[in-house]
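>>> this one's structure only:
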């Protein structure tokens, strides 16, 4: 596939991220609304669902806000991305069967959790993702292959093997071809470049296709997770030069950005007030 035509969508979106400022006033308004929603659920005796209150405008006050700051030189804003990971993970932990955390969020949620060594989150969300994808393998084999791959790669990071789920992907899929060449250096560099191309393709919304990645878009966690797993297995990963890697969103910090859930007033408010029965936490 010729991915070059999708570069214009990538360049346009990066420009939009850089120009779109989320003001502190907007952030505070969103957080006040989040707190209001949580209070209403408490009053309505819906304490088992308080985590759902975290959803409101999360992508605006955390992800889009972070991307604007990062692209304008503020690398400390990666903390907002880390915060988003914790909020999404808490929704999965408390209300896993609500369907609130969608398939298009899972690749980045898993990938960044692995890279920042939030292994408990990575394992939780991997289990959640694999169960979700296994319910309708035909659909996910055609439409959400990026997220299927990330769930399988996380499984391989933990166990050393790709799970059965990986077999649902078509043989010509870039991720299948990558794994077929996992121990061969002959085509690996070209395949890694194609993985980055495919990330941009999967994140592009065009008249011909819809986006497959809607959260953590254009953050190349997939490339770095491939490297992470290969490093663990003692395999070298060739360096590549790709536009996805050569902008500030491609410079994912090696260390945790520094988000402290203990000082997060909203998350702590949820934790203090929610009452979630054990049966509700079971991922089905």
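That came in fine, so what should we check first? Everything numeric here is computed off the predicted structure, so don't read it as measured data.
>>> Of all the helices and strands in this structure, which has the lowest average confidence?
In the chain, no helix or strand scores lower on mean pLDDT, DSSP states H and E than helix 137-143, which sits at a mean of 89.
>>> what comes up buried for the next helix or strand after it?
Secondary structure here is assigned by DSSP states H and E; on that basis, the next helix or strand after helix 137-143 toward the C-terminus is helix 145-159. By neighbour count on 16 or more other CB atoms under 10 Å, the buried set for helix 145-159 is 145-157. Just so you know, the C-beta spots here come from the backbone N, C-alpha and C atoms, and that holds for glycine as well.
>>> can you give me how far the helix or strand that helix 145-159 is followed by is from the chain middle?
Counting by DSSP H and E, the element after helix 145-159 in chain order, helix or strand, is helix 174-180. If you compare the mean C-alpha spot of helix 174-180 with that of the full chain, they lie 21 Å apart, counting by CA atoms, centre = their mean, to the nearest Å.
>>> what is the rounded mean pLDDT of helix 174-180?
If you average the pLDDT over helix 174-180, you get 98.
>>> need the next SSE after it, C-terminal direction.
helix 188-202.
>>> just checking, what packs against that next one?
When contacts are defined as 3 or more CB pairs under 8 Å, 6 or more residues apart in numbering; DSSP states H and E, helix 188-202 sits against helix 7-19, helix 145-159, helix 174-180, helix 221-232.
>>> and of the ones you listed, who's closest to residue 126?
Checking the helices and strands packed on helix 188-202 against residue 126 by CB to CB gives helix 145-159 as the closest, at 4.2 Å.
>>> neighbouring contacts of that closest one?
Contact with helix 145-159 is made by 103-104, 106-108, 110-111, 114, 122-123, 125-126, 129-130, 133, 140-141, 161-163, 165-166, 168-169, 173, 175, 198-199, 202, 212-213, 221-222, 225-226, 228-229, 232, as judged by CB atoms under 8 Å, 6 or more residues apart in numbering.
>>> Then stretch 201-213?
Taking contacts as CB under 8 Å, 6+ apart, the residues outside stretch 201-213 that touch it are 1, 3, 6, 9-10, 13, 104, 107-108, 143-147, 199, 214, 217-218.
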